[in-house]
Each structure stands twice: as structure tokens, then as C-alpha cells.
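Novice: This is a predicted model, with the sequence first.
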Amino acid sequence: MKSDFERRLDELIGEELTRRRLLRRGAAGAMSVSAIAYLAACGDETSKPKGGGQAPIKKGTIAKTLFFSNWPLYIDVDDKTKKRPTLDKFQRKYGTKVKYVEEINDNTEFFGKVRQEYAGGTSGGRDLHVVTDWMCARMERLGYVQRFDKAQMPNAVNNIEDAVARPDFDPKREFSMPWQSGQVGLIYRKDKTGGDLTSINDLFDKRFKGKVTMLTEMRDSVGSVLLGEGIQPEKATKDQVMQAIEKIEKFSKDGQIRRFTGNEYTKDILKGDSYAILGWSGDAIQLTSDNKNVRFRRPEDGFMVFTDSMQIPVGAPHAFTAQKMIDFVYDPEIQAAITAYVNYVPPVKGTKEVLRKSDPELAEDTLIFPDLAKAHNFKTFSATDEREIDEAFQRAIGA
Amino acid sequence: MTKARRSLVPYALLTPGLAWLVVFFAIPLFYMAQISLKEGTVDTGYEFTWHFQTYVDAISNYRVQLLRSFEYAGLSTLISLLVGYPLAYAIAFRGGRYRNALLLVVILPFFTTYLVRTLSWQTILDDDGIVVNVLQGVGLLGPDGRLLATTSAVVAGITYNFLPFMILPLYAALERIDPRMLEAAYDLYSKRRDVVMRVVVPMSAPGIVAGVLLTFIPAAGDFVNAELLGTPRQAMIGNVIQSRYLEITDYPTAAALSFILMLLILVLVLLYARFVGTETLTGAEEAPA
């Protein structure tokens, strides 16, 4: 027994053969369009960027414009004019107008956005981008970034801080130059914890159950947990890393760790939804001024340091000028203005001395000038191991 | 008009819609299918190899999150129906001249973006917020209890965000019911309960079907509520797809999971349509046996 609806459907189909024909033709059209697109896409994905990676950047002339991609709130801004003094100084010195775009919110997200362009050997117009260590390593591994001509960068060569001068993924700093560094430490509400936190392992104290958050940045969370175990993250084996991830997963499953966050932890800790967390030093200065009970402490087990670095993508239209820009911010006078505004750890020697004159209080702040004796970096694993570790961590944090 | 020209008119009218579907639906879908069958990593590049194993692995690795998505979506749909039906009924039959104003109130939340609404739920459900304090005061929640970062918060958030999608079709169906039908039922000595169960509910069935579909389908794919109101223990399949795509750059698995989600929803909808019947969906009346 056919229902009324089905009967009507039959009628429609029976009567209007043209409709079916139309559909078929329509479908064929769709196929041919996507076949072309498919071929185009194949070309995109298999092609590797042309050259670039190995020969250093050629000497050239200073360009009229420069495209600089960076993270939000990562350069000094004049609160009144809303202009960026550092970029204005660059323009006065070299006559280059900098197009400064705050388009990077997340390393992997930015990578996803530029991957096709970079793989095709064009930079999408970008001359400089700033990404975190491990992403710098990936960009270099894939041949997406250019080799610096260090002879053209006297400031950068002479003034780079020793602590960030020789990372394992770029020991001579030929493909990446630090922009700013930050510390990963314990941030807590002293009014809620009833005492100071001193070790990473304090985060696993049952009294704080459900009030602990960790970072979605794998290297910051896992590195810190490794330090709590007495293992140096730059020397850790893959097994040790996997064990640290298992530990995180266990405490996430039993509800000790409430959730994993990026910058949004600032909101949670001020409201009291969390009060014993892993966080970044740059946020801590703001948090302590918002709430007098908030404390930042570098755990005695040691602490993780991350560095965001500038790189020049392959195909950058103004690579030579970009190189000049890198060298420009390695002038301590220039760097001091950036540091005074963003409150992260400057990678440039002499910044502290400049700040002593202009802002003595800031120059003594250990959030900006920490004792780096207990600072640690995360080891750069092979692409396959990195992928396995990333996957395990993503599963541990629930996805 | 000549016969030839007349036969061209339907094509012309169909072109914009078809073009839209092809460009924004068919082509992306084709791409996604193609990506899901590729193998490789960002470093080595992706190669098309008909790699169906990705689907098998995706299901076995993320069964928990898939089931959870349907559980949460089902719960939210049920709550929406139970909450939305009386409201839609009241607006349709008792709203009088305030009908339009009441409907506006239902749609009002849509004037703010989805994300902002969910973020404000974070504030409402705070550990130190008013809701938790009141519930603790009356003893419904233990002193250490919380609402934020729990399953209840996620389900409540989904329900809230999709409730209007339930209410509007319900209202549209209820509003079409001729009040004389109800009068006729009463005239035939029907009890109030019977009028509702045997007249109002069956006649509003198209609204129920549409509302359930409109709520359930987006709810199953949602990831915002689990992300903002939940913890890793509430992660839904949408969260997994997002993390696979953006965090791990494992495009094949992300694409495969999207297809699996789509197919599962399709199967459920077909079963549902089979069970409830397509007639109720289109509003056509049952043909006499």
C-alpha cells in the first residue's frame, strides 16, 4: 500500500522526465568542475617549495614596504595615538612602511592557513612571521623558510642572549631569530590554596581537585610534568614523554585537572573556577595587578621556557628588508621599548641596562629578567615521534 | 511563448539553486571524501591511496566520543521537546494578541552570537556564581559541587542553544490547527487529556518531526558547548574533528570522522522517518487503508 506522499512522488518522477535529465546533466557538470579542481589540488600538495632553504638571502635594496605577521599584543603600542612606535622608528631609519598584521593566534592554526602557499613557494605576500620553537623547527624541516645572511645582521649576531642562541633545531640560528620568550610557571590564588605552591607536583594535590588547569600547548604541560618527575625535558626519551602524558591523562580522567586551556585561564582564575594552574609569565604581570592574591612562581623542579621566533618564508617579496627588520629589533634601545610594553623575556643582551634608566622597577622584575639557571626547553623529536607524541597528548586532553 | 523557450524556463529557475549546491555542497563533499581516503602526514605530503583503514581506525579510536555525541544530542532534543512543546502550545492557543511579541522573545537570543551566549553561560554557572550558591544553599548541590565543567552544563548549554529550533516548527504546526477541531472533540465528549493526546499531538506531528530533526542534527555535531562548558571527559565528536584537523593536521582522519558523523546522522534520520513515517514530515495525511 503506497502512501499518498509516495504516490505523489511517483507521479512527479513519471511525468517529468526532463527533471531527471536535468539532474543528470547537472551532476555531470559538477563532476567536470571538481575534476579540474582535483587536478589543481594534486599539483599543490605534492610540489615542494623551490630552492630557498639552502642559499642565504641575497643582498638587495631596502624595499618600500614590508609585510610582518605577528601575534596580537606582541609589540609596543602608543596608547594615545594607537601607533606602533617601533615600526615608526624603522620607517624613519629605512623609509620602509611596515604592514603589520596580527593574524597569528595559534601555531597550528596559522600553519594550516599558510601551508598551501608556503608549500607552493609563495609566502602570500608575507616577509616575516613569528611562531613558537617547535613550529620554527617544522617550518625549517619542510623547507618553508629562508636561510639568513648573518653578515648582514651584526646586532643579531652580537646581542642574542646565550640562553636562546643555540636551540637543537637551529643551532646556529640561521633560520629563526627569537622575538620574545616566556616562562611557564605555577599561577595560584593564595587566598584559596592557603599557602604557596612550590613544585609542579603540587598541582596533583587532592585538596585542589577540580580546580587545576593545564595548558593545551603540549610542550609546556608535558615538559613541566617531566620536570616534576626529575627528568630534563631536553634529554627526555620518547618513553618518558609518553609516561608523562599518561600521568596527565590519569589526573584528567579522575577529575583532578578540570580542563586544558590557552590564554582563557586568566578568566577562570580571576573568577575562582580554578586556582592552581600552569600559566605563562606574560599573563602573570596583568593577573597579579588584577587580583592581589594571585601569585606566579617558577617551580623549584625547574621551569619551561618557550621562545617565539621570527622567520622569513620562502618566496617573501622583501626578504632582504625583513632581515634588516630582524637586526633592527636586536638593538637594545629598540628592544627595551617592546619589552616595556609586552612584558615577556627579551632575547637581546643589554635590554636590562637600557630599562634600568627608563623603568628601573621593570628592570628588576624577575618575570621579565628571570634567573635562567633552571630554565628548560623541550627536545625536538623526529617528525614521526613528534606526531605520535602529539596524538597521545591530544587523546589525553580529550580529543 | 514557444515550446522550446518554455521548456528552458525551469532550467533557468533551477540554475542558481543548483549552482549553489554544487559549489558549496557537492564539491566540498567530494574533496572531503577524497581527503579521507588519503594517507600521509604534513611532512611527507598526502597521497590518495583508497585508504579505507582510516575509517576503521577512526571508529575504533573515537567510539566513545561518537556515542557521547548522540547521547548528548538525544538528551538535549528530548529536553527541548518537553520544554518547548508546552511553550509553543501556550503561544499558539493562549498567546492572543501577544503571540508575535512572545515569538520575538523566543528568537531574541539569536540577536547575539552563539559563542557569546555560550560564554555567558560560563559566567552564569561559575563555581562562585549565583546559581551554584543558591543550589548549595538549598542543599541540592554539595559544598564542593559545581555546575560548570560537568555533563549537565554541556547538555543544558546545547538544549538552550537549540531550543528555538524546536519551538518555532512546533509553533508553526500548532498554530495551523483549526480550533474548531478541538471544539468538535469536546462536543463528542472527549476528555481534556484525550483532546491533547488524540487531536493536538497527532495534528502537530509535522512540527514535532521537524523540530526534532532541526535540534538533533546540529546538536550531534556541536563542539562549542563541550569546549566551553565541559572538560575532556565531555569531549564530543566535533571536538575530536577540530583537534584532528587543526592541532594534529591529520586531515584524513578528520575528514573520515566528518563522513562517519554524517552517515550516522543520515541513518538515524532514515530510521526515524521510517518509524514515524514520511507523511508526518510533509504534513500529508495518511491515505485510507
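Specialist: Sure thing, it's come through.
Novice: so what's residue 274 up against?
Specialist: Picked chain A for this. A:211-213, A:258, A:265, A:268 (C-beta atoms under 8 Å, 6 or more residues apart in numbering or on different chains). Bear in mind the C-beta positions are built from the backbone N, C-alpha and C, glycine included.
Novice: swap the cut-off to 10 Å and go again
Specialist: A:187-189, A:192, A:208, A:210-214, A:257-259, A:261, A:265, A:267-268, B:127, B:149 (C-beta atoms under 10 Å, 6 or more residues apart in numbering or on different chains).
Novice: With residue A:134 instead?
Specialist: With C-beta under 10 Å, 6+ apart, residue A:134 has these contacts: A:107, A:167, A:169, A:217-219, A:306, A:377-381, A:386, A:390.
Novice: just to revisit the earlier point, buried ones among the contacts of residue A:274?
Specialist: A:187-189, A:208, A:210-214, A:257-259, A:261, A:265, A:268, B:127, B:149 (16 or more other C-beta atoms under 10 Å in any protein chain shown).
Novice: In the chain, where is pLDDT below threshold?
Specialist: In the absence of a named chain, this looks at chain A. Residues of chain A meeting the criterion pLDDT under 70: A:1-54, A:399.
Novice: nope, chain B
Specialist: Short version for chain B, where the test is pLDDT under 70: B:1-3, B:277-289.
Novice: Mind doing that once more with 80?
Specialist: B:1-6, B:42-45, B:142-144, B:275-289 (pLDDT under 80).
Novice: Most proximal residue of it with respect to chain A?
Specialist: residue B:232 (2.5 Å; C-beta to the nearest C-beta).
Novice: how would you label the nearest residue to that residue once chain neighbours are set aside: helix, strand or coil?
Specialist: Leaving aside its chain neighbours, residue B:232 sits nearest to residue A:398 (2.5 Å; criterion: C-beta to C-beta, 6 or more residues apart in numbering or on different chains). Using DSSP: H, G, I helix; E, B strand; the rest coil, the three-state assignment for residue A:398 comes out as coil.
Novice: Distance check, residue A:398 against residue B:59.
Specialist: Per C-beta to C-beta, to the nearest Å, residue A:398 is found 18 Å from residue B:59.
Novice: now do residue B:179
Specialist: 50 Å.
Novice: repeat for residue A:353
Specialist: For residue A:353, the distance to residue B:59 - C-beta to C-beta - is 61 Å.
Novice: Share the number of residues neighbouring the residue of chain B closest to chain A, please.
Specialist: By other C-beta atoms under 10 Å in any protein chain shown, the residues close to residue B:232 number 21.
Novice: Residue B:261 against residue B:66, yeah?
Specialist: Yes - if you go by C-beta atoms under 10 Å, residue B:261 and residue B:66 touch, sitting 7.3 Å apart.
Novice: residues shared between the contacts of the two?
Specialist: B:220, B:236-237, B:240.
Novice: Most neighbours among those, please name it.
Specialist: Each of those was scored for neighbours by other C-beta under 10 Å, and residue B:236 scores highest at 31 neighbours.
Novice: which ones are touching that one?
Specialist: A:398-399, B:65-66, B:68-73, B:154, B:158, B:219-227, B:230, B:242, B:261.
Novice: and what of residue A:305?
Specialist: A:133, A:163-164, A:181-184, A:220, A:223, A:281, A:298, A:345, A:370, A:372, A:374-378.
Novice: For the residue in chain A that chain B sits nearest to, give its distance to residue B:64.
Specialist: As assessed by C-beta to the nearest C-beta, chain B sits closest to residue A:398 within chain A, at 2.5 Å. In this view, residue A:398 and residue B:64 are 10 Å apart by C-beta to C-beta.
Novice: Same check on residue B:104?
Specialist: Counting by C-beta to C-beta - residue B:104 and residue B:64 are separated by 41 Å.
Novice: Give me the neighbour count for the closest residue to residue A:89 other than its chain neighbours.
Specialist: Nearest residue to residue A:89, sequence neighbours excluded (C-beta to C-beta, 6+ apart): residue A:334, at 6.6 Å. When neighbours are defined as other C-beta under 10 Å, residue A:334 has 22 of them.
Novice: Tell me which of residue A:353 and residue B:59 has more neighbours.
Specialist: residue B:59 (14 against 11).
Novice: For the stretch 1-150 of chain B, which segments count as helices?
Specialist: For the stretch 1-150 of chain B, applying DSSP state H, counting those that start in this stretch gives helices covering B:3-21, B:27-36, B:53-61, B:63-89, B:99-107, B:114-124, B:130-137.
Novice: what comes up buried for stretch A:60-75?
Specialist: A:63, A:66-71, A:74-75.
Novice: so what does the helix or strand that contains residue B:238 touch, helix or strand wise?
Specialist: Element membership for residue B:238 (DSSP states H and E) is helix B:237-242. Using 3 or more C-beta pairs under 10 Å, 6 or more residues apart in numbering or on different chains; DSSP states H and E, the elements in contact with helix B:237-242 are helix B:53-61, helix B:63-89, helix B:205-221, helix B:224-229, helix B:251-276.
Novice: Which other helices and strands does the third one contact?
Specialist: The elements that helix B:205-221 packs onto, with contact taken as 3+ C-beta pairs under 10 Å, 6+ apart, are helix B:63-89, helix B:151-176, helix B:201-203, helix B:237-242, helix B:251-276, helix B:278-282.
Novice: would you list every one of the strands in the stretch 101-250 of chain A?
Specialist: Applying DSSP state E, counting those that start in this stretch to the stretch 101-250 of chain A gives strands spanning A:128-132, A:177-189, A:212-215.
Novice: Now tabulate these in JSON lines and tack on distance to chain B.
Specialist: Shown next, in JSON lines, are those (distance: least, C-beta to the nearest C-beta, whole Å):
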{"stretch": "strand A:128-132", "distance to chain B": "14"}
{"stretch": "strand A:177-189", "distance to chain B": "11"}
{"stretch": "strand A:212-215", "distance to chain B": "10"}
